[in-house]
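Chemist: quick one: sequence and predicted model below, then my questions.
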Amino acid sequence: MDLRPLAPDFGAEVLGATLIDVTERDDAYAFVRAAFEEHSVLLFRNQQISDELQAAYSRRFGELEIAKVASLGEGTPFSILTNVDRATGALVAPDHKEALRARANQLWHTDSSFKAQPALASVLSARTIPPSGGETEFASQRSAWARLPEDMRARIADLCVWHDYAHSRGQIAPHLASERERNAMPPVCWRIRWRNPVNGRDALYLASHAYAIEGMPREEGYALIRELIAHVTDPAHTYLHRWQAGDVVMWDNRATMHRGRPWPDNLHARLMKRTTISASDADGVAATRAPCSGETVGRVLQAAG
Ligand SMILES: [Fe+2]
């Protein structure tokens, strides 16, 4: 088993171990788990992927999330990203909910930061790949933390950030997050810094779902959030993954941001399936949970008008 770097700052291709090996062998799991903690994004090429294998591999790392309400995979461990209408088999129109979701997915984000139980990792497999575009781009929030000037790190180290699914969706279309989704996923607050319990390295923890900073005027907080996202996603430090048939990519949601890239979705189908592994206290959840009250949420949202 070996690793090959994907980018200067982070990411590695796993060589000599398949998803089946990790599922069946403790030594392969230990190798890949250590690589995951260290490199944040892992690539496996030429996998014989199936739903069963993807779920079994993912379960090695922890409990699986059940896909969120009102999503295609609701009630299953699979989040399904597609522009193909299930009923008709045709490509969806540009104003279809799944087309808008794809656009929301093209904002820099980290999966499930808006949930009460955040995500350790996501595992994404390519099932139908368009001939051009549709890449997934990654940025390291760990390398971004280390690249921040010392005085900035000191200034923000103890801040807490509010995350809301409705906020990121609202950037695409005002009512993209339905009332049912809003009710199921109220805003949550996390510390701005997630310390990896294995290696002690810090990462920024914020992205498209982040909309306010606790104790800071709304505009000022949001300006800081935007400034930090721009810092994290500096094009000189990102990794663009161009999908090939058989690729599976896994990433650490505690230490990276990602975004889908556009493709000619009026011409070509794209189907991706994601499993998401919940983070546990052993992965640093309790230490990252912010000491913010429910009352503050109301105030922050009111301030937003
Ligand atoms: Fe995502």
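Modeler: Nice, I can see it.
Chemist: and the longest strand seen in the chain, what's buried?
Modeler: When the chain is scanned for its longest strand (criterion: DSSP state E), the result is strand 119-128. Residues 119-126 are the ones in strand 119-128 that count as buried (16 or more other CB atoms under 10 Å). Yep, even glycine has a C-beta here, placed from its N, CA and C like the rest.
Chemist: dump these into JSON lines; add pLDDT and distance to residue 170 as well.
Modeler: JSON lines is the format used below for the buried residues of strand 119-128 (pLDDT from 0 to 100; distance: CB to CB, whole Å):
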{"residue": "119", "pLDDT": "98", "distance to residue 170": "21"}
{"residue": "120", "pLDDT": "98", "distance to residue 170": "27"}
{"residue": "121", "pLDDT": "98", "distance to residue 170": "27"}
{"residue": "122", "pLDDT": "98", "distance to residue 170": "23"}
{"residue": "123", "pLDDT": "98", "distance to residue 170": "28"}
{"residue": "124", "pLDDT": "98", "distance to residue 170": "25"}
{"residue": "125", "pLDDT": "98", "distance to residue 170": "29"}
{"residue": "126", "pLDDT": "96", "distance to residue 170": "29"}
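Chemist: separation between the nearest residue to residue 233 once chain neighbours are set aside and residue 73?
Modeler: Leaving out its chain neighbours, the residue that sits closest to residue 233 by CB to CB, 6 or more residues apart in numbering is residue 139, at 4.6 Å. Per CB to CB, to the nearest Å, residue 139 is found 26 Å from residue 73.
Chemist: the more surrounded of the two?
Modeler: residue 139 (28 against 16; other CB atoms under 10 Å).
Chemist: tell me the SS of the more buried one?
Modeler: Of the three states, residue 139 takes strand according to DSSP: H, G, I helix; E, B strand; the rest coil.
Chemist: I'd guessed residue 104 sits against residue 170; true?
Modeler: No. Using CB atoms under 8 Å, residue 104 makes no contact with residue 170, being 9.4 Å away.
Chemist: comparing those two, which residue is more hemmed in?
Modeler: Neighbour totals were compared for residue 104 and residue 170, and residue 104 leads with 20 against 16 (other CB under 10 Å).
Chemist: next one: the residue of the chain positioned farthest from its centre, what pLDDT does it get?
Modeler: Taking CA atoms, centre = their mean, the residue of the chain most remote from its mean C-alpha position is residue 88, at 29.8 Å. At residue 88, the predicted lDDT confidence score is 92.
Chemist: ditto for the one 5 residues further on
Modeler: We have a pLDDT of 92 for residue 93.
Chemist: quick one: secondary structure of residue 268?
Modeler: The three-state assignment at residue 268 reads coil, by three-state DSSP.
Chemist: neighbours of it, how many?
Modeler: Neighbour number of residue 268 under other CB under 10 Å is 16.
Chemist: which residues touch the residue nearest to it when sequence neighbours are not counted?
Modeler: Take residue 268 and drop its neighbours on the chain: the residue closest to it by CB to CB, 6+ apart is residue 130, 3.7 Å away. By CB atoms under 8 Å, 6 or more residues apart in numbering, the contact set of residue 130 is 263-265, 267-270.
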